[in-house]
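Asker: predicted model, plus sequence, below.
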Amino acid sequence: MNASPGNLPASSDDYLSRLNPEQRAAVETVDGPLLVLAGAGTGKTRVLTTRFAHILMTRRAFPSQVLAVTFTNKAAREMRERVAAILGEPAEGLWLGTFHALCARMLRRHAQLVGLESNFTILDTDDQMRLLKQVMDAAGVDMKRWPPQGLMSIIQRWKDRGLTPARITAAEDSDFANNRARSLYAGYQERLVQLNACDFGDLMLHVTEILRTHRDVLADYHRRFRYILVDEYQDTNTVQYLWLRLLAQRENTAERNICCVGDDDQSIYSWRGAEIENILRFEKDFPGATIVRLESNYRSTAPILAAASGLIAKNSGRLGKTLRPGRNDAKGEPVRVVSLWDSEEEARMVGSRIEASRRSGENLSETAILVRAGFQTRAFEERMITLGIPYRVVGGQKFYERAEIRDAMAYLRVLNQPADDLAFERIVNVPKRGLGDTTIRAITQQARDAQRPLVVAAWQMVEGGAMRPKPRQALRELLEGFARWREMLGREGHVVTAATLLDESGYTEMWKQDKSPEAAGRLDNLKELVRALGEFETLAGFLEHVALVMENDENAEGERVSLMTLHAAKGLEFDHVFLPGWEEGLFPHQRALDEGGEKGLEEERRLAYVGITRARKRCIISHAANRRIYANWTSQIPSRFLDELPPDQVQVEGGAGAERQRMLNQPSAFGNGQFPLVARKPRVIEAGAWEVSERPARAAALPIGSRVFHQKFGYGRVVGADDNKLDVEFDKAGRKRVLDTFVEKA
DNA sequence: CCCCTTACCCTTTTT
DNA sequence: GGGTAAGGGG
């Protein structure tokens, strides 16, 4: 296990010498509970991975005796790779993964203890909702008055807190649907078991329940896991906390080797059930715990750190940390605050600064625009398209959440597991087969009467039920199709079968017929799905992967500006960071204030802290005096967070905008709330607007009149050209001026 | 049964 | 403004 000299450049404990004293303490305090408070950019991941490797290198445990938990697949993958790099060999047999992946693994071993079989299905959010609606429907709940979505979030919150229906006291019941939330929850759980399925929350809930009630199982895991490592501890919810505590609190207190790494200042997921209290009370849960603070920041310049620290200091109830520059070259430019007239000017400002840094040779991958809410990305996207700056939107809709992928997945699920009623329901009339509400209701009724899965009931209907000839024939064809494909699966393998199924069922044809701009992309996605299927040995293995590892790494390559929400940016870093939209109501978001009060405000402030600390060299914060929200223009007040930034670290720019802002806010002078006397918009000089493109125009390739395709706007016809800019009349999106590089011949 | 109109909602979303 | 969900007309 020890690295041989050939694998590592220097001595075998070389990996320790690269750590600073705090980090080293965090790595070498191996025994007993340890909390590592790791500020942003202080080498948290390095500590975690080095500690993991250290445990293995010093032969304190075999790889299979360490439990390492992360929140994201990405973090898990990174840890696996980095541990392997230190060890000099691939790390096999690890219990390393996300909370949910580890729980799924455990639950497959003990499924019968909660009434499931080990091949249970993991439902996606669509299925969950449909199932819950069915349960509510059966219970006669008026879903107009009591929206299913509301009940779903109540149930999820209960699951986040580790509460099975039996553990909910009458006092804790919600007044939803006249105090029926708890019994509806119980009904929903029952249906899940009948379907041999569980939802995401169940993975944690079931395993925790098993550990709580089966001492022998718990004891087995106690024997197995000698060391526990937890990443992003501030984001754990109650059930994750209970799970960890059950696993970590071994009889022998000397063996409670749990190490949690986190940062209370970066806790931004309370709305997902995360309990910041978990990290705040670590010492109480694990008496005698050691606490190590990592405060040397190796990422950002001094002004950026000072701005972030100054802001977060306004929060109360912190464990307390002060980031200090860990680099000698940490001097740098001040954080800038730019005031703009409106959101369009804000987008132009960001765009022209990005153009400027691009001209000076900066890598666009080192620039990010981080927004509070998803809708804000649109204005920037449009600006990037106009300027011809490559960008990518991180997050947003995930690959496996797209309609076409979900449909295809439903087909595969029925193939894999004919009793998967939810999947069958999803695709029975997709593409349209003339099997509408009436038919489906009849099948459902038959299934309920016969106590059989939908597929079986459907066969019964086809063979002898009361049906009109057309739907009967359509249903027969579908069912015979599945029989054929299932038989093919054994013969030809899952990849060929999947491709055949998608064609023969008429599903790909449906999208080929579709004339909307997205159709082509959807077909590509289906191809990608089949390709991904090839990476797995079995269909079941693939389905498990998709349920747990929903990832979206398209557009990852190439030099592109990143556009994402602040939440999505946690854990990332960039040379240049833009933080637009720092306005009251947007950031801090009004709803966070309304629903969370002072706590909500503090979480918003932590979000601001996360945003600023993403920046290595340059951080540009902006706010606009006017913003279009939904349909109409609203005037906006600068965010209180701007006032909380330490003034000596911040340089205010965009005086023109600020001046107008000041005048706008003087009520009497301009009377009727119409746009004020400063009507003359400042001339916005966009650097680079007149630059001549070095590349010759592609007029020859795309002459006026030719059909083109654009990623965002779809199909259109070229109606004019100006050097490399084309005027295109899009079928759907209307007339737009776009750069020729952004369209292709249709 | 399908499709088109209309009404309604609108923060964040690691798995 | 735009995307979804329910209802009514063809």
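Answerer: That came through, no problem. Numbers count the residues shown, from 1 in each chain, chains lettered A, B, ... in the order given.

Asker: residue of the stretch 101-250 of chain A nearest DNA strand B, please.
Answerer: Residue nearest to DNA strand B within the stretch 101-250 of chain A: residue A:235 (3.7 Å; C-beta to the nearest atom of the strand). C-betas here are computed from N, CA, C, even on glycine.

Asker: which one is the residue of the stretch 401-550 of chain A found nearest DNA strand C nearest to, not counting chain neighbours?
Answerer: Closest residue of the stretch 401-550 of chain A to DNA strand C, C-beta to the nearest atom of the strand: residue A:403 (7.7 Å). Of all residues not flanking residue A:403 in the chain, residue A:522 sits nearest, at 7.8 Å (C-beta to C-beta, 6 or more residues apart in numbering).

Asker: so that neighbour touches residue A:513, yeah?
Answerer: No. At 11.8 Å, residue A:522 does not count as touching residue A:513 under the criterion of C-beta atoms under 8 Å.

Asker: can you pull the contacts of the closest residue to residue A:260 other than its chain neighbours?
Answerer: Distances taken as C-beta to C-beta, 6+ apart place residue A:233 nearest to residue A:260, at 3.8 Å, with adjacent residues excluded. Contact analysis of residue A:233 by C-beta atoms under 8 Å, 6 or more residues apart in numbering lists A:35, A:260-262, A:278-279, A:282.

Asker: could you redo the last one with a cut-off of 6 Å?
Answerer: A:260, A:262, A:279 (C-beta atoms under 6 Å, 6 or more residues apart in numbering).

Asker: hmm, residue A:37 and the first one touching each other?
Answerer: No. Taking contact to mean C-beta atoms under 6 Å, the distance of 9.6 Å between residue A:260 and residue A:37 leaves them out of contact.

Asker: circling back: between the contacts of residue A:233, which sits nearest residue A:306?
Answerer: Taking C-beta to C-beta as the measure, residue A:306 lies nearest residue A:262 of the contacts of residue A:233, at 23.0 Å.

Asker: partner residues bridging that closest one?
Answerer: Note on residue A:262: beta-bridge partners residue A:37, judged by DSSP bridges.

Asker: and it, how far is that from DNA strand B?
Answerer: Separation of residue A:262 from DNA strand B (C-beta to the nearest atom of the strand, to the nearest Å) stands at 11 Å.

Asker: from residue A:292, how far off is that residue?
Answerer: As defined by C-beta to C-beta, to the nearest Å, residue A:262 lies at a distance of 12 Å from residue A:292.

Asker: higher neighbour count, these two?
Answerer: More crowded of residue A:262 and residue A:292, by other C-beta atoms under 10 Å: residue A:262, with 24 against 20.

Asker: got a pLDDT number for that one?
Answerer: The model reports residue A:262 with a pLDDT of 94.

Asker: surely it and residue A:234 touch.
Answerer: Yes. With contacts counted by C-beta under 6 Å, residue A:262 reaches residue A:234, the gap being 4.0 Å.

Asker: what sits in contact with each of those two?
Answerer: Common neighbours of residue A:262 and residue A:234, counting by C-beta under 6 Å, 6+ apart, are residue A:279.

Asker: give me the below-cutoff pLDDT ranges for the stretch 301-450 of chain A.
Answerer: A:328-330 (pLDDT under 70).

Asker: so which residues of it form helices?
Answerer: A:302-312, A:343-359, A:377-387, A:403-416, A:421-427, A:437-450 (DSSP state H, counting those that start in this stretch).

Asker: can you put these in CSV and add mean neighbour count?
Answerer: As requested, the helices of the stretch 301-450 of chain A are exported to CSV (neighbours: other C-beta atoms under 10 Å):
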stretch, mean neighbour count
helix A:302-312, 24
helix A:343-359, 20
helix A:377-387, 20
helix A:403-416, 22
helix A:421-427, 23
helix A:437-450, 15
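
Asker: now render those helices as CSV, adding distance to residue A:499.
Answerer: Converted to CSV, the helices of the stretch 301-450 of chain A look like this (distance: least, C-beta to C-beta, whole Å):
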stretch, distance to residue A:499
helix A:302-312, 51
helix A:343-359, 42
helix A:377-387, 34
helix A:403-416, 10
helix A:421-427, 16
helix A:437-450, 27
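
Asker: that older thread, which SSE is the residue nearest to residue A:403 in?
Answerer: Secondary structure assigned from DSSP states H and E places residue A:522 in helix A:519-533.

Asker: what angle do the next helix or strand after that helix and helix A:403-416 make?
Answerer: Of the helices and strands lying after helix A:519-533 in sequence (DSSP H and E), the nearest is helix A:539-548. Comparing the axes of helix A:539-548 and helix A:403-416 via axes from the mean of the first three to the mean of the last three C-alpha atoms, to 10 degrees yields an angle of 140 degrees.

Asker: which helices and strands does helix A:539-548 pack with?
Answerer: Contact here means 3 or more C-beta pairs under 6 Å, 6 or more residues apart in numbering; DSSP states H and E; on that basis helix A:539-548 packs against no helix or strand.

Asker: buried residues in it?
Answerer: A:539-540, A:542-548 (16 or more other C-beta atoms under 10 Å).

Asker: now stretch A:202-211: mean pLDDT?
Answerer: 97.

Asker: mind listing residues that contact that stretch?
Answerer: In contact with stretch A:202-211 (C-beta under 6 Å, 6+ apart) are residues A:100, A:103-104, A:106-107, A:110, A:113-114, A:159, A:162, A:164, A:217-218, A:239, A:242-243, A:246.

Asker: just stretch A:626-637 next, same as before
Answerer: By C-beta under 6 Å, 6+ apart, stretch A:626-637 touches A:342-343, A:583-584.

Asker: same check, this time on stretch A:29-49
Answerer: Residues outside stretch A:29-49 that contact it (C-beta under 6 Å, 6+ apart): A:23, A:26-27, A:79, A:82-83, A:231, A:256-261, A:263, A:282, A:286, A:289-297, A:299, A:319, A:321, A:323, A:613.
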